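**Q** sequence first, predicted coordinates after that:
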Amino acid sequence: MLRASEENRDRVDRRVRWALPFVEAAIWPFQRITVEGRENVPRTGPVLIVANHVAVFDPVTIIIAARRQIHWLATRSLLQEPVLSRFMQMAAVVPRRKFVADSQSIRQLKAWANLGTAVGLFPEGMRTWDGTVQPVLPAIEKLVRLLRAPVVTARLVNAYRQAPRWGAALRHGRVHVEFDPPRTFDRKAPPSEIRSYIEERIHVSPERGWPVWGRRLAHGVDNVLYACPRCLAVDGLRPAGNRLHCDPCGATWELDAEHQLRPVRGGPALPLRAALAEIQAGLTAADWVADPHDHALTGVVLRSGPARLLDISDDLVRPLGTGQLQLSETDLRMVDRAGGTLWQSPLSELVVATVDMRRRLQFRTREGAVEVELGEDESVVKWDHFVNAWRARHGAATAS
């Protein structure tokens with residue numbers, strides 16, 4: 001990635017000014033951007049842009065709305081995505097490593113700000129699955145005080161309807177960006193004041209928005225609704241067009257553009273968030289076991305299809321093999337076709353278990369970190385919920 005320097009700053013600015021009209025034209029058929037408060041973004045000088053995180057296009061959307069180049073802090077995993085990796089190179093995005101205090105990325109971000117540029121970050125650390133704003137990551141207060149730049153908070157409204165994280169097909173519709181006036185915090189500002197200000201200013205109600213339209217609205221939603229809300233059959237839902245059908249119990253829903261599940265045979269609509277809550281409550285009552293028969297025979301709580309295992313402990317990503325991810329009551333392991341163990345960790349020693357880009361799961365222990373790339377039909381949200389439910393029972397380790 002490009003290092004912060006006056007020469008690179010000017011080079012990146014020229015690239016972005018040249019590319020921006022083409023990028024805006026390319027996304028216009030899907031995303032109609034409207035802006036409120038653009039005058040609040042300083043035209044020159046350092047500034048920190050802080051926004052809610054909804055869709056993969058958020059960094060580009062905010063650059064278009066602000067009419068100013070922004071050096072974003074983003075997960076290093078984006079470098080594995082061919083198209084996004086090119087954008088990161090062109091816009092001098094600062095990659096950061098997950099799970100660790102990445103002092104190198106923070107130094108780079110500060111170096112860009114010291115050159116009088118705009119820098120940006122999404123303090124939730126991950127995109128929302130159901131439209132709700134996620135908790136703000138710890139240490140955001142320290143970063144704000146370290147950068148010593150005016151803070152402009154921003155809100156992306158309707159982006160969740162237009163491009164939900166789980167959606168396999170883009171919708172067409174409006175995305176509204178709101179910029180607040182700059183706010184300066186001195187180095188003595190109480191951390192609680194900084195945190196509460198950011199939490200309040202980036203909050204967007206999932207109900208707030210405008211109509212969107214598109215085809216295949218249900219495709220991908222089974223990544224979030226990984227079980228039937230009615231019968232709780234894990235992996236039982238099948239999307240087809242705008243409909244979801246449960247093979248085991250025969251229930252069928254129509255998914256509309258506002259993410260409401262409407263029973264085909266009549267009955268009250270069920271918001272996606274409420275359906276997910278019912279699934280979680282039902283599986284909690286069922287002791288978080290996907291297949292009771294398999295569990296009784298093998299002790300396995302949940303198992304995946306073919307998956308790829310990578311060592312991501314440092315900057316050099318190393319393939320460790322392919323196999324099946326298995327969760328038991330006490331540990332998480334990856335086994336090959338012959339039944340050999342490629343990787344294993346007791347649940348009590350997992351420091352972090354989270355979802356990254358697309359179908360990727362990332363797990364960290366005190367000794368290192370691995371990434372599991374699941375198949376296209378596998379739900380990462382399912383694995384996130386199952387693993388963390390069982391981790392909680394073992395008093396899971398926490399990040400230091």
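**A** It's in.
**Q** mind listing the helices for this structure?
**A** 6-27, 58-66, 82-91, 103-114, 140-147, 159-162, 191-201, 272-285, 292-298, 380-393 (DSSP state H).
**Q** now for the last one, which elements pack on it?
**A** Same thing as helix 380-393. helix 272-285, strand 300-311, strand 318-328, strand 352-355, strand 360-364 (3 or more Cβ pairs under 8 Å, 6 or more residues apart in numbering; DSSP states H and E). C-beta here means a position set from N, CA and C on the backbone, and glycine is covered the same way.
**Q** redo that, cut-off 7 Å
**A** Packing partners of helix 380-393 (3 or more Cβ pairs under 7 Å, 6 or more residues apart in numbering; DSSP states H and E): strand 300-311, strand 318-328, strand 352-355.
**Q** please work out which of the ones you listed is packed deepest.
**A** Mean neighbours per residue, mean count of other Cβ atoms under 10 Å, is largest over these for strand 352-355, with a mean of 19.
**Q** so for it, mean pLDDT?
**A** Across strand 352-355, pLDDT averages out at 88.
**Q** picking that back up, can you tell me which of the helices and strands packed on helix 380-393 is nearest to Gly120?
**A** In terms of Cβ to Cβ, the element of the helices and strands packed on helix 380-393 nearest to Gly120 is strand 352-355, at 21.6 Å.
**Q** which strands or helices does that closest one pack on?
**A** strand 360-364, helix 380-393.
**Q** returning to that earlier point: single out the most deeply packed of the helices of the chain.
**A** When these are compared using mean count of other Cβ under 10 Å, helix 159-162 is most buried, at a mean of 27.
**Q** which elements pack onto that one?
**A** strand 172-179.
**Q** now find how far off-centre the strand it packs on is within its chain.
**A** The chain centre lies 19 Å from the centre of strand 172-179; the measure is Cα atoms, centre = their mean, to the nearest Å.
**Q** what angle do helix 6-27 and it make with each other?
**A** Put simply, strand 172-179 runs at 140 degrees to helix 6-27, going by axes from the mean of the first three to the mean of the last three Cα atoms, to 10 degrees.
**Q** which other residues reach strand 172-179?
**A** Contacts with strand 172-179, where a contact means Cβ atoms under 7 Å, 6 or more residues apart in numbering, come from 29-38, 40-41, 61-62, 65, 152, 154-159, 161-162, 210-214.
**Q** tell me the contacts of Thr284?
**A** Contact analysis of Thr284 by Cβ under 7 Å, 6+ apart lists nothing.
**Q** just name the shakiest helix or strand of this structure by mean pLDDT.
**A** None of the helices or strands of the chain scores lower by mean pLDDT, DSSP states H and E than helix 82-91, at a mean of 69.
**Q** measure Leu309 to Val381 for me?
**A** The span separating Leu309 from Val381 equals 20 Å under the rule Cβ to Cβ, to the nearest Å.
**Q** mind putting the helices of the chain into JSON lines with distance to Arg262?
**A** Below are the helices of the chain laid out as JSON lines (distance: least, Cβ to Cβ, whole Å):
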{"stretch": "helix 6-27", "distance to Arg262": "29"}
{"stretch": "helix 58-66", "distance to Arg262": "29"}
{"stretch": "helix 82-91", "distance to Arg262": "34"}
{"stretch": "helix 103-114", "distance to Arg262": "44"}
{"stretch": "helix 140-147", "distance to Arg262": "39"}
{"stretch": "helix 159-162", "distance to Arg262": "16"}
{"stretch": "helix 191-201", "distance to Arg262": "33"}
{"stretch": "helix 272-285", "distance to Arg262": "11"}
{"stretch": "helix 292-298", "distance to Arg262": "31"}
{"stretch": "helix 380-393", "distance to Arg262": "22"}
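**Q** which of those helices has the lowest mean pLDDT?
**A** Among these, helix 82-91 carries the lowest mean pLDDT, a mean of 69.
**Q** quick revisit: relative to Asp331, which of the helices of the chain is closest?
**A** helix 380-393 (9.4 Å).
**Q** run through who's touching that closest one.
**A** By Cβ under 7 Å, 6+ apart, the list of residues contacting helix 380-393 reads 129, 223-224, 226, 280, 288, 301-302, 327, 329, 332, 347, 350, 353-355, 359, 361, 374.
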